[in-house]
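Participant: Here is my input, please return the structure:
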Amino acid sequence: MDLAAFDWVVCASARAVRALRQARTAPWPTGVRAAAVGEATAQALDALGATPPPVVGPEAGADALWETLRDLDAWTGRRVLVLTTPGGRTTLIDGLRAAGAAVEPVAAYAMAPRAAADIRQDWARAGADAVVLASPRAAATLVAAIGREPVTALRAVVAIGPTTARELAAQGIACVMAERAAFESVAATLASRLGAEVAS
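Facilitator: Model (predicted):
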């Protein structure tokens, strides 16, 4: 994949960056800017050699990234490669195209949910007190497999970012949101929530 043919490369997840790394051996081309939907994705792009450092939104998710990117460049005529997954949200693609960019979306990887029966079996075996949900799709898949009630009965439901929180809200499930879409922040949020409930 010739990244030098683009002005920008936008990655929807660290998985997309891994797929990019596997597809090429050349160094990151000079003058090609990068953007990432969250800190983990930005760190993966950094490790790949993206220079200057990738642009990241103030919070995780495509909506926040687009709000940051919107006024960062004169998008008309800009060539933008967007690495995503089939069935993923098109917020960035739609926004960039509306702003006049020439966008080439590439399905860099695919995700498929496990069988609902397997999810139910593992859920029952886990006996969880809390759950951390890392994407809207994960939230929807879990609720479709086990139902809404087992999730609402938990002591804590943590969403990794605002789009996941919105999906949970649409499912009628209250949650708390990690301050940042990073493992340390999610762990701190979960510990704080469970600690608060134990103290009460």
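
Participant: How far does stretch 8-21 sit from its chain's centre?
Facilitator: Computed by CA atoms, centre = their mean, to the nearest Å, the chain-centroid distance of stretch 8-21 equals 11 Å.

Participant: in it, what's buried?
Facilitator: 8-17, 19-20 (16 or more other CB atoms under 10 Å). C-beta coordinates here come from the backbone N, C-alpha and C atoms, glycine included.

Participant: Against which helices or strands is the helix or strand harbouring residue 184 packed?
Facilitator: With secondary structure defined by DSSP states H and E, residue 184 is part of helix 183-199. Counting contacts by 3 or more CB pairs under 8 Å, 6 or more residues apart in numbering; DSSP states H and E, helix 183-199 packs against strand 130-133, strand 156-159, strand 176-177.

Participant: wait, what's in contact with residue 183?
Facilitator: By CB atoms under 8 Å, 6 or more residues apart in numbering, the contact set of residue 183 is residue 40.

Participant: Distance check, residue 119 against residue 169.
Facilitator: For residue 119, the distance to residue 169 (CB to CB, to the nearest Å) stands at 21 Å.

Participant: And these two? Which one has more around it.
Facilitator: Taking neighbours as other CB atoms under 10 Å, residue 119 and residue 169 compare with residue 119 leading, 16 against 13.

Participant: In space, what's closest to the more buried one - neighbours in sequence excluded?
Facilitator: Nearest in space to residue 119, with sequence neighbours left out and distances taken as CB to CB, 6 or more residues apart in numbering, is residue 145 at 3.9 Å.
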